[in-house]
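Visitor: Sharing a model prediction with you, sequence too.
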Amino acid sequence: SKGVIAVMDCTGHGVPGAFMTAVVASSFSRILHHHGHDDPAEMLTQLNRLVKTALRQDRDSAVSNDGLDAAICVVDRANSTLTFAGANLPLLVAEGGALRQVRGDRMSLGYLDSPEDYRFAAHRIDVRPGSAFYLYTDGVTDQVGGEAGRLFGRRRLQDVLAELADRPVSEQMDALFLKLSQWRGDQRRRDDMTFVAFRPVSGS
């Protein structure tokens with residue numbers, strides 16, 4: 001059996017942001033229903049086209065320029081594999097006591113300058129027992145804080161997750177968000193934060 005795990009970060013706040021979210025959710029649901037869910041790279045390509053069309057950003061006369069970043073994983077439990085594709089969002093993989101990053105393409109979805117025929121790269125990963133996977137939006141790494149008012153950053157995120165690698169993923173997330181809160185201190189939260197951690201279980 002296969003499952004799809006996706007994280008998407010849309011532009012906008014308030015009503016415009018809610019509208020964008022509705023457009024993206026509807027488009028993604030349509031892709032899953034009509035195009036299947038085997039290839040996350042193809043899903044990103046289709047999502048780019050559908051969002052551009054829905055927002056009428058597939059023409060030079062467009063009055064808006066909105067879009068999103070996205071990361072999609074297709075987990076194949078029967079074959080113990082995970083296939084990842086990203087549009088400006090990465091995947092972190094923890095296995096064998098080490099943490100590594102799989103980069104997504106440096107291309108967002110839906111914007112005026114997002115080519116309709118852009119082909120995203122799919123990354124196939126063997127899922128080993130105990131492996132954990134993490135998807136997150138840039139609101140996590142771009143949080144300002146600490147004594148010097150710096151970004152939390154990708155390196156600090158990876159260091160925190162490496163320290164927590166042996167714990168259940170729910171405990172890892174609790175500990176991470178406690179660290180983020182402590183890092184932020186009195187600073188305001190700059191952006192929405194989404195962080196997803198999961199361990200696929202093999203089986204038919």
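Guide: Right, received. Where do you want to start? The structure displayed is predicted, hence computed values, not measured ones.
Visitor: only C-alpha atoms for contact and neighbour calcs from this point on.
Guide: Noted.
Visitor: burial of residue 115, as a residue count?
Guide: 17 (other CA atoms under 10 Å).
Visitor: again, but for residue 193
Guide: Neighbour count of residue 193, defined by other CA under 10 Å: 16.
Visitor: and what of the one 4 residues further on?
Guide: Here the count is done by other CA under 10 Å, and residue 197 has 16 residues near it.
Visitor: likewise residue 145?
Guide: So residue 145, with other CA under 10 Å, has 20 neighbours.
Visitor: Show me where this protein has its helices.
Guide: Assigned by DSSP state H, the helices in the chain fall at 14-35, 40-54, 138-141, 154-163, 169-184.
Visitor: mean pLDDT lowest for which of those helices?
Guide: With a mean of 88, helix 14-35 has the lowest mean pLDDT of these.
Visitor: Show me what it is packed against.
Guide: If contacts are counted by 3 or more CA pairs under 8 Å, 6 or more residues apart in numbering; DSSP states H and E, helix 14-35 sits against strand 2-10, helix 40-54.
Visitor: Give me the distance from the longest one to the chain's centre.
Guide: When you say that, I think you mean helix 40-54. 15 Å (CA atoms, centre = their mean, to the nearest Å).
Visitor: Tell me who's in contact with residue 100.
Guide: Going by CA atoms under 8 Å, 6 or more residues apart in numbering, residue 100 touches 92, 93, 94.
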